[in-house]
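Asks: Quick one, what's the 3D model for this:
(one chain, ligands or ions: 1)
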Amino acid sequence: MVAGKANAADIMTHRIDDIALPHGRPGTVRHIRIHRFGQEGARPKAYIQAGLHAGELPGMLVAQHLAEKLASLDAAGAIRGEIVLVPMANPIGLDQVLHGDLSGRFELAGGVNFNRAFADLSGPAGDMLAAGQPAPLGSDAQVNAGLVRAALAAAAISLSPRTQADGLRQILLSHAIDADLVLDLHCDSEAVMHLYTTSAGWGGGFADLAARLGCEAAFLAEGSGGEPFDEACSLPWQNLQARFAPAGHPIPDGCAATTVELRGEGDVDDMLAAADAKALLDHLSWRGHLALSAPPVETALDLATPLAGVERIRAPVGGIVLFHVEPGQSVRAGQPVATVLEPLSGKRHVCQAGIDGPVWSRSRARYASPDDIILSIAGREPLATGSHLLTAR
Ligand SMILES: [Zn+2]
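Replies: Residues are numbered from 1 along each chain as shown. Sure, this is the predicted structure:
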């Protein structure tokens, strides 16, 4: 190194931690790999993970591009605050190969979807804050935000997982719960690019992300009912606002979290992934997580529709599925969208759209069991009345 001249290596912050999952079966051990860029504890903090549903490879591929780009940006001193990246969030699911097929969506041992049942930390964090821990809430929203983050982080560490899957959930949540921005990268079965978030998340910047990614749908819900990862990060802020704001303790929307669905399972392509990674990094720049200027983009706030407005077309009988429409195609109420052919009788059952809207997802499987969801349409008006808006599968 030349005296007096900074070497890029001197300012590099990239660190990799491998954390062992607890509660492995005797004689086995699995690890989760965490990439850290920037200064630990510095603001703003972004958290990005991929592959929580282990068979969803587009996100894991995008994460590899992100890791490479973030390492370059780190060497150039362009990371602001802290960025945490988990490129392969589910080593349990990735290990679940059954007769040659990867089955990474549900934990085989317990049957629970890996992106459900994340702990709601609002209660324990709220109780800590009510007791003046780590310090009493005041009238300054930004000071209160710091206290909320500390309480949420303490609540995450206090969880007592009893299975390896819950241990994984705790490790992931502990790294994300105090972030300003959480991006959970998934994909659908066969689908256009889309995302899920809350109204606050959408108004707070995810319209920009949707525009950069080329999303053709965005679904809003204030709690979809399944305790997915993104909501475990964002909803505590709303719950704590409701609890403490009436007493004169304002709390901001401290965490913007979204589940990004990078098209369908088969859309595993290096060029697409490179473009998607660039869109994500441009969004990070736009939010101030990188010392770069983001190229301008035209947002469309009216892209978002209620998650409760999604029409799920179900197979009326078991049989061979013949689709009449592609993801991305707009349909009208009454239009035939699929036929299910009963292989014993040869009888054909035509399924019609019940609403107007774009088809944003359809099943990759061409054989359906009775009542399987085979296709989804984004409607503008709420349809669902139940509290569980996400599909199990
Ligand atoms: Zn998923």
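Asks: contacts, neighbours, all on C-alpha from now
Replies: Fine.
Asks: Could you look up the next helix or strand downstream of the helix-or-strand element of the chain with minimal mean pLDDT?
Replies: With mean pLDDT, DSSP states H and E as the measure, the helix or strand of the chain carrying the lowest mean pLDDT is helix 8-11 (a mean of 62). If you walk from helix 8-11 toward the C-terminus, the next helix or strand you reach (DSSP states H and E) is strand 15-20.
Asks: Flag the shaky bits of this structure, pLDDT-wise.
Replies: For the chain, applying pLDDT under 70 flags the ranges 1-10, 384-388, 391-393.
Asks: Can you name the residues of it that neighbour the ion?
Replies: 53, 186 (CA under 5 Å from the ion).
Asks: Give me the domain ranges for the chain.
Replies: For the chain, whose domains are defined here by automatic domain parsing, the residue ranges read 8-299, 308-378.
Asks: Could you list the buried residues of stretch 104-114?
Replies: Taking 16 or more other CA atoms under 10 Å as the basis for neighbour counts, the residues of stretch 104-114 that come out buried are 104, 105, 106, 107, 113, 114.
Asks: does the fifth one really touch residue 103, like I thought?
Replies: No: applying CA atoms under 8 Å as the test, residue 113 and residue 103 come out as separate, 11.0 Å apart.
Asks: Relative to residue 389, which of the domains of the chain is closest?
Replies: In this view, the domains of the chain are compared for proximity to residue 389 by CA to CA, and domain 8-299 is the closest at 5.1 Å.
Asks: between the domains of the chain, which one is nearest to residue 390?
Replies: Residue 390 lies closest, by CA to CA, to one member of the domains of the chain: domain 8-299, at 6.2 Å.
Asks: which ones are touching residue 321?
Replies: The contact partners of residue 321, taken as CA atoms under 8 Å, 6 or more residues apart in numbering, are 338, 339, 340, 341, 365, 366, 367, 368.
Asks: now residue 335
Replies: Neighbouring residues of residue 335 by CA under 8 Å, 6+ apart: 352, 353.
Asks: And residue 374, how close does it get to the ion?
Replies: 17 Å (CA to the ion, to the nearest Å).
Asks: The chain should start at 52 in everything you say after this.
Replies: Sounds good: first residue 52 from here, last item residue 425.
Asks: That residue and residue 368: what is the separation?
Replies: Using CA to CA, to the nearest Å, one obtains 12 Å as the distance from residue 425 to residue 368.
Asks: Same drill for the two, tell me which one is more crowded.
Replies: Set side by side, residue 425 and residue 368 show unequal neighbour counts under other CA atoms under 10 Å, the larger going to residue 425 at 26 against 16.
Asks: Report how many residues lie close to the residue nearest to the more buried one when sequence neighbours are not counted.
Replies: Take residue 425 and drop its neighbours on the chain: the residue closest to it by CA to CA, 6 or more residues apart in numbering is residue 414, 4.9 Å away. By other CA under 10 Å, 19 other residues sit near residue 414.
Asks: Repeat that for the one 10 residues further on.
Replies: Burial measure for residue 424: 18 neighbouring residues, criterion other CA under 10 Å.
Asks: returning to that earlier point: how about the buried residues of stretch 155-165 in JSON lines, adding secondary structure?
Replies: As requested, those are exported to JSON lines (DSSP: H, G, I helix; E, B strand; the rest coil):
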{"residue": "155", "secondary structure": "coil"}
{"residue": "156", "secondary structure": "coil"}
{"residue": "157", "secondary structure": "strand"}
{"residue": "158", "secondary structure": "coil"}
{"residue": "164", "secondary structure": "strand"}
{"residue": "165", "secondary structure": "coil"}
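Asks: Using CSV, please lay out those residues together with distance to residue 385.
Replies: What follows is the buried residues of stretch 155-165, written out as CSV (distance: CA to CA, whole Å):
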residue, distance to residue 385
155, 36
156, 33
157, 35
158, 38
164, 33
165, 36
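Asks: Of those, just say which sits nearest to the ion.
Replies: Among the buried residues of stretch 155-165, residue 156 lies closest to the ion (CA to the ion), at 7.2 Å.
Asks: For that closest one, give its distance to residue 274.
Replies: Noted for residue 156: a distance of 21 Å to residue 274, by CA to CA.
Asks: From the chain's centroid, how far away is the host helix or strand of residue 206?
Replies: Per DSSP H and E: residue 206 is located in helix 192-209. Mean-position distance between helix 192-209 and its chain equals 21 Å (CA atoms, centre = their mean, to the nearest Å).
Asks: Give me the contact list for it.
Replies: With CA under 8 Å, 6+ apart as the criterion, helix 192-209 contacts 172-173, 175-177, 179-180, 184-186, 188-189, 221, 224-225, 228-229, 300-303, 305.
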